[in-house]
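[1] Can you look at this prediction? I've put the sequence above it.
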Amino acid sequence: MKYLDLFFKLYANSQFIRYLSIGSINTFVGIMTYPILFYILYPYHFNYIDILYLSFLIATSFSFVTNKFFVFKSASGPIFEYFKFISIHIIFLLINVFALKTLVDGYKYHPVVSQLFLTFIIIFIGYYYNKLITFRN
């Protein structure tokens with residue numbers, strides 16, 4: 001119980017700890033969304049990049065809600081924050097599309113393995129952008 005109390009105390013007082021814990025849920029959603037959609041939609045001749053766009057929309061919207069209300073606890077208007085949030089994520093998406101195409105078409109890596117790798121890189125960059133720009137109080 002002592003360790004559990006310590007965790008909740010750290011969680012309540014540390015934005016980075018909240019980011020890591022909520023971020024692990026967001027990461028799970030982001031990691032699982034692409035493979036699930038890939039294996040459901042690819043047999044119906046959806047392109048792996050089109051699946052990435054759909055996965056992006058689902059995971060990014062989920063991430064915005066959890067970051068706004070649980071991590072950064074921002075009181076600002078959601079529309080403007082969502083615009084800032086989605087803007088950087090669209091840039092991440094464009095980089096992701098380029099990198100995914102390079103890994104899959106250029107180096108012949110599997111799309112799911114490539115996307116998992118790219119997801120972890122984007123997570124670290126995203127924290128600092130959201131902390132310094134999107135949810136800055």
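    Ah, there it is. Numbers count the residues shown, from 1 in each chain.
[2] Quick one: residues in contact with stretch 87-102.
    Residues outside stretch 87-102 that contact it (Cβ atoms under 8 Å, 6 or more residues apart in numbering) are 48-49, 52-53, 56, 60, 63, 111, 114-115, 118, 122, 125-126, 129-130, 133-134. (Each C-beta comes from the backbone N, C-alpha and C, glycine too.)
[3] swap in stretch 55-74?
    By Cβ under 8 Å, 6+ apart, stretch 55-74 touches 15, 18-19, 22-23, 25-26, 29-30, 33-34, 37, 78, 81-82, 85-86, 89, 93, 96, 130-131, 134-135, 137.
[4] which of these count as buried?
    Buried subset of these (neighbour count, 16 or more other Cβ atoms under 10 Å): 18-19, 22-23, 26, 29-30, 33-34, 37, 81-82, 85-86, 89, 93, 96, 130-131, 134-135.
[5] Narrow the residues you listed to those in helices?
    18-19, 22-23, 26, 29-30, 33-34, 37, 81-82, 85-86, 89, 93, 96 (DSSP state H).
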